[in-house]
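Colleague: Please find the sequence and the predicted model below.
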Amino acid sequence: MLLATGCASLAPTDDTLPQVAVPSAWSSGGNGASQAAATTSLAQWWQRFDDAVLTTLVEQALRANTSVRTAQAALQQARAQVDVQSAGLLPSVGASASAQRSRASNSTGNSFQAGFDASWEPDVFGRLRSGVSASEADARAAEASLADVQVSLSAEVAVNYIELRGLQQRLAIARSNLASQQETLQLTQWRLQAGLTTSLVTEQARAAAEQTAAQIPSLEASLAQSRYSLAVLTGQVPGALDATLAASAPVPQPTAELALAIPAETLRQRPDVRAAEQRIAAALARLSQADAARYPSFSLGGSLGLRALTLGALSGGSAVTSALLGSVSIPLLDGGAARAQVRVQSAALEQARVAYEATVLTALQDVENALVALRGDREKLERLTAAADAARNAALLAQQRYSSGLIDFQAVLETQRTLLSTQESVATTTAAVAADHVRLYKALGGGWAVAE
């Protein structure tokens, strides 16, 4: 009995969890020296971007998004199931009352009865306690699943918001380049009228301007779609955020460097890893429950009531009736069903252990991928920024030299195309760097709060 009771309260420990080789430091950067800073700054990481609109959108999504509300309902259901299982450990008491009128030959009789019935199953081998432990582990897993939804949702909102700001920057770049190209087109038309150039040059200038103008409707459509996505993520109808997000703003960037936790600390922060741990706990408890079902079960029952021929006599002490019953049930022949059920739960435990191992490996991969992407995009942005400065100077010089008749128009077209391309790349990569930070925060397990 003591062994079965102990099995019923098993929880994952370092000995029962699968052993996964966790590195002592991230291969792509970071160390354990800043562990405390990372632990305290991840709960509301979006505030590090210093963007009031982003903060408002994330907080609204965490309150109203349908996925969060579904996960909250699942958590309430799991907690209620714990109460259902715990109730099985206590005696159950019920009240009943009945009235009967019978007729036999020429006589008529009445019978009145009222009383209480009670029953209790002593949990000798821990089967019921194992069920409670499994339900408690399921509730903790549901809580971690809610946290995982919060992590994913906050990251998704931030990435969509960053994409929207990046599109706004790209739209501004396209419009600025279009204005410059239209000025160049006007210049070529004047030179054509003066006989200083050919119609070929004018048509080339017009083609370049029209190509740039053709990008604007596509960017505007993408902007509208981003606004609709953010509205739905925050639990609103598409178009609800059009006024809020109409004004252009820079792509938000973190205000400080991210302090990385060591890998082991990261795994403790990630809610999906916590959920996987609790699923192992639930599987352990159900294995103990299946094993305890192979042993005898005991039950105690009794009743206390009043019985009389008239309703008035029901209150008399002589009408008291009582009964007490004790029983034992021993499984003898079940065709091997009980042992098979133990094997079923043993296989379920192995599945939970393998799923935990896969979750840990995925968590490590997520962080390493985010670190590599962040480092690469930072270096790329540095190079592109220098290239954009050079392209801007080259376009200005080409425009001046063409106005003076020192170079042909082909050089102007080439520098304008290069300028537009590099400026778009800078805007896209700037947004990518910000999104890389978001993905890193998500990989580190940030963005969730303790469920109430």
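Modeller: Everything's here; your move.
Colleague: Pull out the buried residues from the helix or strand containing Arg227.
Modeller: Taking DSSP states H and E as the definition, Arg227 sits inside helix 199-233. Across helix 199-233, burial judged by 16 or more other Cβ atoms under 10 Å covers 201-202, 204-206, 208-209, 212, 215, 219, 222-224, 226-233. Every residue, glycine included, has its C-beta placed from N, CA and C.
Colleague: Which strands or helices does that helix pack on?
Modeller: helix 52-64, helix 127-193, helix 409-443 (3 or more Cβ pairs under 8 Å, 6 or more residues apart in numbering; DSSP states H and E).
Colleague: and after that helix, which helix or strand comes next?
Modeller: For helix 199-233, the succeeding helix or strand toward the C-terminus, using DSSP H and E, is helix 263-269.
Colleague: Point out the other helices and strands that that following helix packs with.
Modeller: Checking 3+ Cβ pairs under 8 Å, 6+ apart, helix 263-269 ends up next to helix 35-41, helix 337-403.
Colleague: Nearest spatial neighbour of the one residue sitting closest to the centre of the chain, chain-adjacent residues omitted?
Modeller: Central residue of the chain (Cα atoms, centre = their mean): Val149, 2.1 Å from the mean position. In this structure, Val149 finds its nearest non-sequential neighbour in Ala71, 4.5 Å apart by Cβ to Cβ, 6 or more residues apart in numbering.
Colleague: so that neighbour makes contact with Leu146?
Modeller: Yes: applying Cβ atoms under 8 Å, one finds Ala71 in contact with Leu146, separated by 4.1 Å.
Colleague: Who has more neighbours out of the two?
Modeller: The neighbour count for Ala71 versus Leu146, taken as other Cβ atoms under 10 Å, is higher for Leu146 (25 against 21).
Colleague: Tell me who's in contact with the more buried one.
Modeller: By Cβ atoms under 8 Å, 6 or more residues apart in numbering, the residues touching Leu146 are Val68, Ala71, Gln72, Ala74, Leu75, Pro271, Trp448, Ala451.
Colleague: Could you tell me which of these belong to helices?
Modeller: Val68, Ala71, Gln72, Ala74, Leu75, Pro271 (DSSP state H).
Colleague: Could you check how many residues crowd around the first one?
Modeller: Going back to what we said before, that points to Val68. Val68 has 18 neighbours, counted by other Cβ under 10 Å.
Colleague: what about it, distance to Gln169?
Modeller: 30 Å (Cβ to Cβ, to the nearest Å).
Colleague: next one: the fifth one
Modeller: Using Cβ to Cβ, we find Leu75 at a distance of 40 Å from Gln169.
Colleague: What is the burial count for the residue nearest to Leu89 when sequence neighbours are not counted?
Modeller: Closest residue in space to Leu89, ignoring its immediate chain neighbours: Leu128 at 5.5 Å, by Cβ to Cβ, 6+ apart. Residues contacting Leu128 under the criterion other Cβ under 10 Å number 22.
Colleague: residues touching Asp51, list them.
Modeller: Applying Cβ under 8 Å, 6+ apart, the residues contacting Asp51 are Tyr161, Ala249, Pro252.
Colleague: mind checking how far it is from Tyr161?
Modeller: 8 Å.
Colleague: what do those two both touch?
Modeller: Pro252.
Colleague: What distance do you get for the residue of the chain most remote from its centre to Ala99?
Modeller: When distances to the mean C-alpha position of the chain are computed (Cα atoms, centre = their mean), the maximum falls on Asn106, with 76.5 Å. Distance of Asn106 to Ala99, computed by Cβ to Cβ: 22 Å.
Colleague: What helix or strand is Ala99 located in?
Modeller: Going by DSSP H and E, Ala99 is part of strand 92-104.
Colleague: how far out from the middle of the chain is that strand?
Modeller: Mean-position distance between strand 92-104 and its chain equals 55 Å (Cα atoms, centre = their mean, to the nearest Å).
Colleague: which strands and helices sit next to it?
Modeller: Under the contact definition 3+ Cβ pairs under 8 Å, 6+ apart, strand 92-104 sits against strand 107-120.
Colleague: Quickly run through the sheet partners of the strand it packs on, with directions.
Modeller: strand 92-104 (antiparallel), strand 297-308 (antiparallel) (DSSP bridges).
Colleague: Can you redo these as TSV, where the extra columns are mean neighbour count?
Modeller: Shown next, in TSV, are these (neighbours: other Cβ atoms under 10 Å):
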stretch	mean neighbour count
strand 92-104	10
strand 297-308	16
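Colleague: do you know which of these lies nearest Val354?
Modeller: strand 297-308 (32.9 Å; Cβ to Cβ).
Colleague: packing partners for the helix or strand following that closest one?
Modeller: Later in the chain than strand 297-308, the nearest helix or strand by DSSP H and E is strand 320-329. Here strand 320-329 touches strand 297-308, going by 3+ Cβ pairs under 8 Å, 6+ apart.
Colleague: and the strand it packs on with helix 127-193, angle?
Modeller: 110 degrees (axes from the mean of the first three to the mean of the last three Cα atoms, to 10 degrees).
Colleague: what's next to strand 297-308, contact-wise?
Modeller: 96, 111-122, 124-125, 127, 314-316, 319-329.
Colleague: Run the chain-centre distance for that strand.
Modeller: 51 Å.
Colleague: Ok, stretch 434-451 next?
Modeller: Worked out by Cα atoms, centre = their mean, stretch 434-451 lies 10 Å from the chain centre.
Colleague: how about TSV for the strands paired with strand 107-120, with mean pLDDT and distance to Ala285 added?
Modeller: Listed next are the strands paired with strand 107-120 as TSV, based on pLDDT from 0 to 100; distance: least, Cβ to Cβ, whole Å:
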stretch	mean pLDDT	distance to Ala285
strand 92-104	81	23
strand 297-308	80	18
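Colleague: picking that back up, for the contacts of Asp51, which PyMOL command selects only the ones that are buried?
Modeller: To isolate the buried ones among the contacts of Asp51 in PyMOL, judged by 16+ other Cβ under 10 Å, type:
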select buried, resi 161+252
